[in-house]
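Engineer: Fold the stuff below for me.
(one chain, ligands or ions: 1)
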Amino acid sequence: MINPTLTEMATYPFVRLEEARRRLVAEGVEVIDFGKGDPNEPTDPMIRRALVDALPERAPYPLAQGLPELRQAASRWCATRFGIDVDPDIEIVPTYGSKEAIFSLAQVLDTAGRVVVFGEPAYPVYERGARFAGAEVQTLPLLRKNGFLPDLDAIPDGTALVWVNYPHNPTGAVAPLEFYERLAELAEERDFLVGSDEAYTELWFDSPPPSALQVGDRSRMIVFQTLSKRSSMTGYRSGFVAAPADVISALKAYRPTVGTAPQEFVQRASVVAWGDERHVEETRARYRAKRDVMIPAIEAKGWEIVASEATMYLWVIGPDPDALLERGILVSPGDFFGPSGAGYVRFALVPTLEECRRAAEML
Ligand SMILES: Cc1ncc(COP(=O)(O)O)c(C=O)c1O
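Structural biologist: From the prediction side, this is the model:
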């Protein structure tokens, strides 16, 4: 009765984490939750006000193509942040956060019976999207010795789509522009498309990471951006895809069937969010303060922090996640994200600074 692709899937790992957290809380243990990557940061008042001001007496169905103002705001942001011109009319479509669009990309492209490739450890949605689309899945291990970048020469024949995600969840690794250049060249030679999940490009602490949009020939690059982490707006559900016109046109044809256009009042708040960098700088400063508390505390335990240059994550070798949980510190075991994550744990720096200080003491 139920789609076997669904029944064959393991429980979404974070559901298991949430169950463990609830059990401990019921036992009266104070749990500081470094598990799920949902920012606990406040959304800037200016953005919240824009949402409220945009709330109409009647909200009609939003159109899949999105408001022109939002596409223009996204295009302006790509120009300021990455120095590239993306046509707001034909190369951008707003999305309901980025997850649904990442999930459905394999259905929009011709992937059935062909191969979808992604590195692991990984965010689980590339795999799930590929399986529901009837594609075959091929993972490439992301290893410390390669800077957590995949070996591009291992991309098999018959590949339709390659996913990359830098800055990377869960390792916090960043890819240099040369990596994207090489990937774009290979995509042309071997006839595949690239999905670049760039949810974390704005959470950096050293220098701003590049985008796949910056390659010389971006005719095979499909880039997913989101306000979730940059502007702490996970619950608003707002992002966009920037891609070649034929892909955007396919997305505009597919998306009305699924009904995932963001609400127009959310789109209006999103225009404000993409147009402001001050709140993003403040967000980075808050994460930096948490890193300054947690990094020394973790290192003092003799555990090694690797990659972790950007994102809200620390990728740590050594701790036993169950032992940490018994002390009230919840982290994600690295193998939640794939077999190459074994031996690591991921700290998501989502608790408040005060909670991070308490966790540092508990460590
Ligand atoms: C790597 C990665 N991509 C995409 C997303 C999706 O975020 P959203 O749907 O909120 O834009 C997340 C969320 O945690 C993520 O970690």
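Engineer: Where does Gly28 sit: helix, strand or coil?
Structural biologist: coil (DSSP: H, G, I helix; E, B strand; the rest coil).
Engineer: Number of residues surrounding it?
Structural biologist: Residues lying near Gly28 (other CB atoms under 10 Å) number 6. Bear in mind the C-beta positions are built from the backbone N, C-alpha and C, glycine included.
Engineer: so what's the closest residue to Leu349 other than its chain neighbours up against?
Structural biologist: Distances taken as CB to CB, 6 or more residues apart in numbering put Lys290 closest to Leu349, at 4.4 Å, once the chain neighbours are dropped. Residues near Lys290 by CB atoms under 8 Å, 6 or more residues apart in numbering: Leu349, Pro351, Leu353, Cys356.
Engineer: helix or strand for Lys290, which one?
Structural biologist: Using DSSP states H and E, Lys290 sits in helix 278-300.
Engineer: following that helix, which helix or strand comes up?
Structural biologist: Next helix or strand after helix 278-300 toward the C-terminus (DSSP H and E): strand 304-306.
Engineer: so what secondary structure elements neighbour the helix or strand just after that next one?
Structural biologist: Sequence order places strand 313-317 as the next helix or strand after strand 304-306, per DSSP H and E. Strand 313-317 is packed against helix 278-300, strand 304-306, strand 344-348, with contacts defined by 3 or more CB pairs under 8 Å, 6 or more residues apart in numbering; DSSP states H and E.
Engineer: Which of those has the highest mean neighbour count?
Structural biologist: strand 344-348 (a mean of 26; mean count of other CB atoms under 10 Å).
Engineer: Check which strands are paired with that one and give the direction for each one.
Structural biologist: strand 313-317 (antiparallel), strand 332-333 (antiparallel) (DSSP bridges).
Engineer: all strands of this structure, in order?
Structural biologist: 32-33, 92-95, 115-120, 136-141, 159-164, 193-197, 221-226, 239-242, 304-306, 313-317, 329-330, 332-333, 344-348 (DSSP state E).
Engineer: Which among the ones you listed is found nearest to Phe265?
Structural biologist: For these, the distance to Phe265 is smallest for strand 92-95, at 13.0 Å, taking CB to CB.
Engineer: pLDDT weak spots in the protein?
Structural biologist: 11-12 (pLDDT under 70).
Engineer: and it, which residues reach the ligand?
Structural biologist: Taking CB under 6 Å from any ligand atom as the contact definition, the chain meets the ligand at 37, 97-99, 102, 123, 165, 169, 197, 199, 226, 228, 234, 239.
Engineer: Apply 5 Å and report the result again.
Structural biologist: Gly37, Gly97, Ser98, Lys99, Tyr123, Asn165, Asn169, Asp197, Ala199, Thr226, Ser228, Gly239 (CB under 5 Å from any ligand atom).
Engineer: Check the spacing between the third one and Val350 real quick.
Structural biologist: Counting by CB to CB, to the nearest Å, the separation of Ser98 from Val350 is 18 Å.
Engineer: The last one too?
Structural biologist: Going from Gly239 to Val350 by CB to CB gives 19 Å.
Engineer: who has more neighbours, those two?
Structural biologist: Neighbour count, other CB under 10 Å: between Gly239 and Val350, Gly239 has more, with 27 against 22.
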